[in-house]
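[1] sequence-free structure coming up:
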């Protein structure tokens, strides 16, 4: 019998960049992410809509567990005031494992930097499917690389 329960894995990443700077990369400059972490993110392309708009459809080509994978996502929610975004996977390898898969991002100011909160919500196709801890690790690595990019001296 198929497992039919919404589950979540989440983590916080402390960064030096401002919440606005980090959020701006994910919301409005998503296509630059492949330049920031090319060894993991091969490309980010827009299929419908415009960068930074709800309803836009974005395709990610990324390296996961040693193989190139694709995830096509719709930007389900944007809350600029609170630096929040929700991406829902609509095509790709993840839907072979999960009935549904969403990535929730919120960046909050903290001290001299920010805290990036990632929550991955998913419903497994089968009981034996692993929780997406390796994907959570990928977004942690991505967050740290974006932070390093934003806080390095560009001179």
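    Arrived safely. Model, not experiment: these values are computed from the prediction.
[2] Output the longest helix belonging to this structure.
    Criterion DSSP state H: the longest helix present in the chain is helix 133-151.
[3] Packing partners of it?
    strand 6-15, helix 19-28, helix 33-36, strand 57-64, strand 113-124 (3 or more C-beta pairs under 8 Å, 6 or more residues apart in numbering; DSSP states H and E). Yep, even glycine has a C-beta here, placed from its N, CA and C like the rest.
[4] Of these, give the one that comes closest to residue 81.
    Closest approach to residue 81 among these (C-beta to C-beta): helix 19-28, 10.6 Å.
[5] Give me the distance from that closest one to the chain's centre.
    Helix 19-28 sits 12 Å away from the centroid of its parent chain (C-alpha atoms, centre = their mean, to the nearest Å).
[6] Check stretch 30-42 too.
    Distance of stretch 30-42 from the chain centroid (C-alpha atoms, centre = their mean) equals 12 Å.
[7] how close does residue 78 get to residue 99?
    24 Å (C-beta to C-beta, to the nearest Å).
[8] Counting neighbours, go ahead and name the busier of those two.
    More crowded of residue 78 and residue 99, by other C-beta atoms under 10 Å: residue 78, with 19 against 15.
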